[in-house]
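Asks: Here is my input, please return the structure:
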Amino acid sequence: QVQLVESGGGLVQPGGSLGVSCAASGRTFSSYAMGWFRQAPGKERESVASISRSGGSTYYADSVKGRFTIFRDNAKNTVYLQMNNLKPEDTAVYYCAARLATYTHTYYVTDIGMNYWGKGTLVTVSS
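Replies: Predicted structure coming up:
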């Protein structure tokens, strides 16, 4: 069993930066590929970024490419999402999720099959 707890959300002005993190319980964090997803009001949940077990492979949605960075620290059982040049359309609840991965460079770009989810942290981009 893995428990995921997100933190770091808040209110930020357009063009600003914010970092969110996701702390995982358990000793097997490095066995899981991790992903960040978001859901804006009235919209479906979408994938934002994903990272492999090793951290060596990453994926970004086109809408955040060049602005967001996903990275992980397996020693701290934590995955991070650094968000720069934020836009109002980035406003959403951000969720982290974990999926057991056999291979060290595998990442997942869909929420289907994710094993564990956090409860989310709200990011609001507004002036």
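
Asks: Roughly how far does the most centrally placed residue in the chain sit from residue 127?
Replies: Closest to where the C-alpha atoms of the chain average out (CA atoms, centre = their mean) is residue 36, at 2.2 Å. Distance from residue 36 to residue 127, counting by CB to CB, to the nearest Å: 24 Å. Placement of C-beta: from N, CA and C, glycine included.

Asks: Can you name the residues bridging to residue 37?
Replies: residue 47, residue 95 (DSSP bridges).

Asks: what sits against it?
Replies: By CB atoms under 8 Å, 6 or more residues apart in numbering, the contact list for residue 37 reads 45, 46, 47, 48, 94, 95, 96, 97, 111.

Asks: any idea how far residue 82 lies from residue 11?
Replies: To residue 11, residue 82 is 17 Å away according to CB to CB.

Asks: brain fart, residue 18
Replies: Distance, residue 18 to residue 11, using CB to CB: 9 Å.

Asks: Settle it for me: which of those two has more neighbours?
Replies: For residue 18 versus residue 11, the count of surrounding residues by other CB atoms under 10 Å is larger for residue 18: 20 against 12.

Asks: Spit out the contact partners of that one.
Replies: Counting by CB under 8 Å, 6+ apart, residue 18 makes contact with 8, 9, 10, 12, 83, 86, 123.

Asks: Let's see if you can find the most crowded of the residues you listed.
Replies: Counting neighbours by other CB under 10 Å, residue 83 leads the contacts of residue 18 with 24 neighbours.
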